[in-house]
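Trainee: build me a structure from this.
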Amino acid sequence: TVEIENIQIHFPFKPYDVQTKYMSSVIQALNKKEHALLESPTGTGKTLCLLCCTLAWQQQHKGKLKQQLHNPSQQMMTQQSQQTVLSQMTQSIENGQGASAAATNPQTNKVPTIIYASRTHSQLSQVVRELRNTRYRPKHAILGSRDHMCIHPKVNPTIAKAKGSVNANDIKSSSDVNHGCNKLNKE
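Mentor: Predicted coordinates for the structure are as follows:
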């Protein structure tokens, strides 16, 4: 466990300096609710760093929300801040500025959702492998394209060829797979 930006991060081993700096940058962006464009050379543990620090940050926010629910004075402050934001939004609308001008930082009582997107399925597989190396066990779902996820032999050429299907040679491209899925849905 390492502390970065006042957050306890469970990391499977002692992080290198480059990893600590990377996680610090991620947490700073999360705290400021900003986008971050971060780069690091291949093999520096970007995936593991990103997973560990964002999940630790999420857990900390979850803990703060639970604390607010059990602390009546915090709840009262949250209600007051919500009323303040609402009155600021109303005033902004009346002044012709729009609601978003006043609602730049409203308080919410939700645990932040983390969405991890990747360009390739192999990268998503790596993320799942790296996640298993951590103490974190978030609920997660993997969404993939029909090319990789559809197992019907009439649609997936790999499955069709493995089963020796006559239709195996009919499927050549992603659009063929999409067409095949749509056709199966209509049947």
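Trainee: which stretches of this structure form helices?
Mentor: 17-32, 46-70, 72-94, 121-132, 146-149, 157-162, 174-186 (DSSP state H).
Trainee: tell me the buried residues in stretch 42-59?
Mentor: Of the residues in stretch 42-59, those buried under the neighbour-count criterion (16 or more other CB atoms under 10 Å) are 45-59. Quick note: C-beta positions are derived from backbone N, CA and C, even for glycine.
Trainee: send me it as CSV with only the CA atoms.
Mentor: Once non-C-alpha atoms are left out, stretch 42-59 reads as follows in CSV (Å, rounded to 0.1, in the frame of the first residue of the first chain):
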residue,chain,number,x,y,z
THR,A,42,5.8,0.6,-23.0
GLY,A,43,6.3,-1.7,-20.0
THR,A,44,6.1,0.9,-17.3
GLY,A,45,2.9,-0.5,-15.8
LYS,A,46,0.4,2.1,-17.1
THR,A,47,-2.6,-0.3,-17.0
LEU,A,48,-1.9,-1.4,-13.4
CYS,A,49,-1.2,2.2,-12.2
LEU,A,50,-4.4,3.4,-13.8
LEU,A,51,-6.6,0.7,-12.4
CYS,A,52,-5.2,0.9,-8.9
CYS,A,53,-5.3,4.6,-8.5
THR,A,54,-8.7,5.2,-10.0
LEU,A,55,-10.2,2.3,-8.0
ALA,A,56,-8.6,3.6,-4.8
TRP,A,57,-9.9,7.1,-5.6
GLN,A,58,-13.4,5.6,-6.2
GLN,A,59,-13.3,3.7,-2.9
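Trainee: just the mean pLDDT for that stretch, thanks.
Mentor: For stretch 42-59, the mean per-residue pLDDT is 94.
Trainee: got it, and stretch 133-153?
Mentor: Mean per-residue pLDDT for stretch 133-153: 76.
Trainee: over to stretch 179-187?
Mentor: Within the predicted structure, the mean pLDDT of stretch 179-187 is 74.
Trainee: export it as CSV, just CAs?
Mentor: Once side chains and other backbone atoms are set aside, the C-alpha atoms of stretch 179-187 remain, and they are given as CSV (Å, rounded to 0.1, in the frame of the first residue of the first chain):
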residue,chain,number,x,y,z
HIS,A,179,-25.8,-8.6,-41.5
GLY,A,180,-25.8,-12.2,-40.1
CYS,A,181,-26.7,-11.0,-36.6
ASN,A,182,-29.5,-8.9,-37.9
LYS,A,183,-30.8,-11.8,-40.0
LEU,A,184,-30.7,-14.1,-37.0
ASN,A,185,-32.6,-11.6,-34.9
LYS,A,186,-35.4,-11.5,-37.5
GLU,A,187,-35.7,-15.3,-37.6
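Trainee: so which bits of it are buried?
Mentor: The neighbour-count criterion (16+ other CB under 10 Å) identifies Gly180, Cys181 as the buried residues of stretch 179-187.
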